[in-house]
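Peer 1: can you look at this prediction? I've put the sequence above it.
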Amino acid sequence: MKKSWITVSVFMMLLLTAMSVAGSALGEAAVGAVGTEDEPELFTWTTLLSTAGCAAATMLVVEVLKNPLDKLIKLPTSIFAYIIALAIQLAATAFTSGLTFETGALAALNAFVIAFAAMGGYDKTIAKIEK
C-alpha cells in the first residue's frame, strides 16, 4: 500500500511537471516568449543556482533515478544526492557566471548543503508517508 502511494505521488509530480512544461511550450507558440512576467518558467539556470531551486531539482532527480540505479550499483542515496547536486551546481554556474576554479570549489561546498536539504525534504515528506 505504501509503495503504491509513493509511486502515485511521484507519478503525480512528474505529470504536473510535464503539464507545466507542455503548457509553457503551447503558450510560447501562442503568446510569445516563455519566461515573461505573465508566464514564468519552471526552472532556469538562475533558479537552479539558488539553494532552494537546486534542492528541489536534486530531490526530484534522485527520486526518479534512485530505484533504477540501485539495480545497477549499490550507492548510498546521500552520496547519489551529492553527486546530482554537484552536477546541477556546476552546470548552473557554467551557464550563468562561468566556471572557474573558485566557483567550482564553491559549487562543491554548496552541493553538501543542497544535498542535505534535498534529503531533509525527502525525510519530511515521502519518508513519513512510507511509515
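Peer 2: Now that the structure is in, tell me what you want to look at.

Peer 1: where does the chain have low pLDDT?
Peer 2: The chain contains residues with pLDDT under 70 at 1-40, 122-128, 130-131.

Peer 1: name the element residue 41 belongs to?
Peer 2: Following DSSP states H and E, there is no helix or strand that holds residue 41.

Peer 1: repeat for residue 129
Peer 2: Residue 129 is located in helix 126-130, with elements delineated by DSSP H and E.

Peer 1: do the same with residue 117
Peer 2: Residue 117 is part of helix 101-124, with elements assigned from DSSP H and E.

Peer 1: what residues of that helix count as buried?
Peer 2: Residues 103, 107, 110, 111, 114, 115, 117, 118, 119, 121, 122 are the ones in helix 101-124 that count as buried (16 or more other CB atoms under 10 Å). From N, CA and C alone the C-beta is placed, and that goes for glycine too.

Peer 1: where exactly do the helices run in this protein?
Peer 2: Secondary structure of the chain, counting by DSSP state H: helices at 2-30, 45-49, 51-72, 77-96, 101-124, 126-130.

Peer 1: state the distance from residue 106 to residue 43.
Peer 2: Separation of residue 106 from residue 43 (CB to CB, to the nearest Å): 20 Å.

Peer 1: then residue 54?
Peer 2: According to CB to CB, residue 54 and residue 43 sit 10 Å apart.

Peer 1: give me the more crowded residue out of the two.
Peer 2: Counted by other CB atoms under 10 Å, residue 54 and residue 43 do not tie: residue 54 has more neighbours, with 27 against 17.
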